[in-house]
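In: Sequence first, predicted model second:
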Amino acid sequence: MRTDDELRAAIKEHYWFHSVELRPGIVTPGVAGNAKMFPVYAIPEDLTGRTVLDIGAWDGLFSFECERRGAKRVVAADIWENAGRGAFDLAREELNSSVEPLECDVYDLPEKLNGERFDLVLFLGVLYHLRHPLLALEKVAACAKPRGLTIVETVVDYLTVNQDRPVMAFYPGNEMNNDPTSWWGPNPYAVAMMLSSVGYAKITNMIQLWYGNRSIFHAVKAEDEDVQKMFLEEHEARHRRPFEDK
């Protein structure tokens, strides 16, 4: 077991996005986010016996918190392409955590998980970084149990936030916060409609953050038979030949 000084030295060897408390008084120097954020996301306080999939887990702040709240199984999925997995692994070791890391692209999650579905899916700060956001949400929905909760946090385009139709801004360069890894800025209406189109029955825009350019959504997955019916009706509507309406 490391001494406090050894742990502080080990922390400095890694890049930390979140501030994770590893021991009383020893917190990692994250650049964004800490335990004070939890109430904003409205993650259920009691997760006893539930399963959790944290997509885009990074250094594991939310994964470890869900485990602390009683989840019986937590899978932390990420590709860890920029800073590596060292921060996550250090935190997992120090916290004596059973959170399971899964190195996987969001588009491959259903297959990588062999079709397993979870009671709670976290999809925080990922959607706007993806080239194919609707496809990504389809894969996310495939990992959610019927009546399970998915929490989505994303950038929303502030110029279109108040429009009464679903639209997304496309960022071909570094227009959004000087960040070239950001591709899309949907408005809240677009996020809700996309979630509806991939099988969620109840979608709530929980909160607008940071001058209106970020939003948090809670979405409840529909029953399987309702999802299949919706997909069939949508397919028929979008592939109907013109003469069939006459």
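Out: Thanks, I have it.
In: drop to CA atoms for contacts and neighbour counts, all remaining ones
Out: Will do.
In: Pretty sure residue 81 sits in a helix.
Out: No. The assignment for residue 81 is coil, going by DSSP: H, G, I helix; E, B strand; the rest coil, so no helix is present there.
In: helices or strands next to the lengthiest strand in the chain in the packing?
Out: Within the chain, and with DSSP state E defining each element, the longest strand by residue count is strand 144-155. Contacting strand 144-155 under the criterion 3 or more C-alpha pairs under 8 Å, 6 or more residues apart in numbering; DSSP states H and E are the following elements: strand 118-124, strand 214-221.
In: now the nearest residue to residue 201 once chain neighbours are set aside: how far from residue 141?
Out: For residue 201, ignoring the flanking residues on the chain, the nearest one in space by C-alpha to C-alpha, 6 or more residues apart in numbering is residue 222 at 4.8 Å. Noted for residue 222: a distance of 10 Å to residue 141, by C-alpha to C-alpha, to the nearest Å.
In: Which one of the two is surrounded by more residues?
Out: Neighbours per residue, other C-alpha atoms under 10 Å: of residue 222 and residue 141, the larger number sits with residue 141, 26 against 23.
In: What pairs with the helix or strand just after the longest strand of the chain, parallel or antiparallel?
Out: The C-terminal neighbour of strand 144-155 among helices and strands, as given by DSSP states H and E, is strand 168-170. Using DSSP bridges, the strands paired with strand 168-170 are strand 184-186 (antiparallel).
In: Can you give the distance of the next helix or strand after the strand it pairs with from its chain's centre?
Out: Toward the C-terminal end, the helix or strand that comes next after strand 184-186 (DSSP H and E) is helix 188-197. Averaged C-alpha coordinates place helix 188-197 at 15 Å from its chain's average position (C-alpha atoms, centre = their mean, to the nearest Å).
In: Can you give me the buried ones in helix 188-197?
Out: Neighbour counts over helix 188-197 (16 or more other C-alpha atoms under 10 Å) mark 188-192, 194-197 as buried.
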